[in-house]
Every structure is written in structure tokens, then in C-alpha cells.
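Peer 1: okay, here's the prediction I keep looking at, along with the sequence it came from:
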Amino acid sequence: MSLIRVLFFASLRDRAGMKATTLELPEGSKIRQLRTRLGLEFPGLAEALETSLFSINREFAFDDDEIPENADVAIFPPVSGGSEMDLSTVKPTVISVSEDKLDLNELVKMITLPSTGAVCIFTGVVRAVTIRGKTLKTEYLDYEAYIPMAEEKIRQVTEEIRGKWPQVEGIAIVQRVGRLNPGTPTVVIACSAPHRDTGVFEAARYGIDRLKEIVPIWKRETGPGGEYWVEGNYIPHRGD
């Protein structure tokens, strides 16, 4: 038998009624067997399991993947989108998932080199009003992340950006978590380069789009009508 730890996030944590549990599985069990086991042990999860995502030790996992002994297996819905700066490289990379306030000026400074002539910044902000067929008011959002995996996936996004736009110099991807009020910046994607026509616009757009696809961060929206989790619909592929 193999002992594993199962971590529940966002709406699946609510459905399971807990943040984590320990399970004993037959040796050689795969994600497919775990999915079935969870449906039996946590009836509240049954409806959501078909579209739920899994990771093994902070890497996306799929039905045919075998679960090793002592693995951390996370289960979460499709994502909705510690601070580190690598000073040992010529091209600075800033990655952060925390409750700290976002300082745009400081982030620009951190990714600006003597050769930098352009910095493109995307900032997401909490809306007070959202139109989804009807007008909805937002009192606040609660952001949650599987932080170890989120930081690894953000680093993957920065590597993808550098592969697509080699002239990009600095990259900052910073996500806030916790309770945030309308008007509060939630995420920053910033890219620097020698000139504006070297890919900084495209790189920043790619960064936020990719973050919304593969970085395990979710938000719960609270308004006059109650609260609910805002979930995406992108299903990661092997290698994401």
C-alpha cells in the first residue's frame, strides 16, 4: 500500500469540507483510481470530479499517471489566473505570489537594465461591477493559490516568454492573494526590452493569458447576492 496526501483547493475544498487528507492506496494506483476513490469517500465532490484537475508533486497529472509513495496530490478546478529576483542572470526575473501590496514603480525598477528602452505593464484590478448577462456588484474577492505549484508554473511562463521573445530583458509576474476590495490591483505582468517593437506588448499579453490557463490561482466573489467561486474552463495538456 502507498500513503499519499491529498490537498483540496478553492470550490473543491468547500465540497470536500477540508483542506487536506491522507489516503492509503494500493501500490501502483493511478489518478483514475484516485478519482473514483474520492467520489466514493467524498460524495460532495462527485459532481465536480469529472472536470477537476490533478497534480502530483506540483506537476499536472492525468488519468494514466501513477501516484508514487508519499506524493502530494492536489485536486482543484480549472484555474481562474514568496518574492524572488534572480540577480545571477543578465535578464532579471521577478516572481511573487503573496498578500503583499503591488508596487508598480518598484517592479519596473527591478526589471529595468541600462539597455532598457521600453517596459510594458498589464495590471488586473478588482471590478466593482461585472456584467454576466446581468449587472452584478462585487463587495470583495478572495484569492487563493496553491503557492508552491503556482510559483513553479509562473517560472514556466517566464521561460516560455523568453523562448518566444528572446529580446525581452526583464520579466515580472506578481499575483496577490487574500481578500481584495474593488479598485485593488490583483496581478502584474511586466516585460522590459530595448525597444517597444521587440515583443514587450505581445509578451505581457501572453503572460496574463498563460497565467489564467495553468497557474493554480482561484477567486471567490462576494456580493449582495452571496458568494461563489469564479472558475475557468481551460483543461491543461501534458507538458503544460
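Peer 2: Ah, there it is. Numbering: from 1, shown residues only.
Peer 1: thought residue 92 was touching residue 107?
Peer 2: No: with contacts defined as Cβ atoms under 8 Å, residue 92 does not count as touching residue 107, sitting 10.4 Å away. (Each C-beta comes from the backbone N, C-alpha and C, glycine too.)
Peer 1: helices and strands around the helix or strand hosting residue 229, which ones?
Peer 2: Element membership for residue 229 (DSSP states H and E) is strand 226-230. Counting by 3 or more Cβ pairs under 8 Å, 6 or more residues apart in numbering; DSSP states H and E, the packing neighbours recorded for strand 226-230 are strand 217-223.
Peer 1: so which of residue 92 and residue 107 has more stuff around it?
Peer 2: Remark: of residue 92 and residue 107, residue 107 carries more neighbours, 22 against 18, as counted by other Cβ atoms under 10 Å.
Peer 1: pretty sure the more buried one contacts residue 94?
Peer 2: Yes: with contacts defined as Cβ under 8 Å, residue 107 counts as touching residue 94 at a distance of 6.4 Å.
Peer 1: okay, and the common contacts of these two?
Peer 2: Common neighbours of residue 107 and residue 94, counting by Cβ atoms under 8 Å, 6 or more residues apart in numbering, are 172, 174, 190.
Peer 1: ok, and the closest non-adjacent residue to the first one?
Peer 2: Of all residues beyond its chain neighbours, the one nearest residue 172 is residue 94 (3.8 Å), with distances taken as Cβ to Cβ, 6 or more residues apart in numbering.
Peer 1: tell me the strands beside the strand or helix carrying the one you found, with direction?
Peer 2: Secondary-structure assignment from DSSP H and E places residue 94 in strand 93-98. Strand pairing for strand 93-98, determined by DSSP bridges: strand 83-85 (antiparallel), strand 171-176 (parallel).
Peer 1: enumerate residues external to it that contact any of its residues.
Peer 2: Strand 93-98 is contacted from outside by 82-86, 107, 110-111, 145, 147, 150-151, 154-155, 158, 170-177, 190, 217, using Cβ under 8 Å, 6+ apart.
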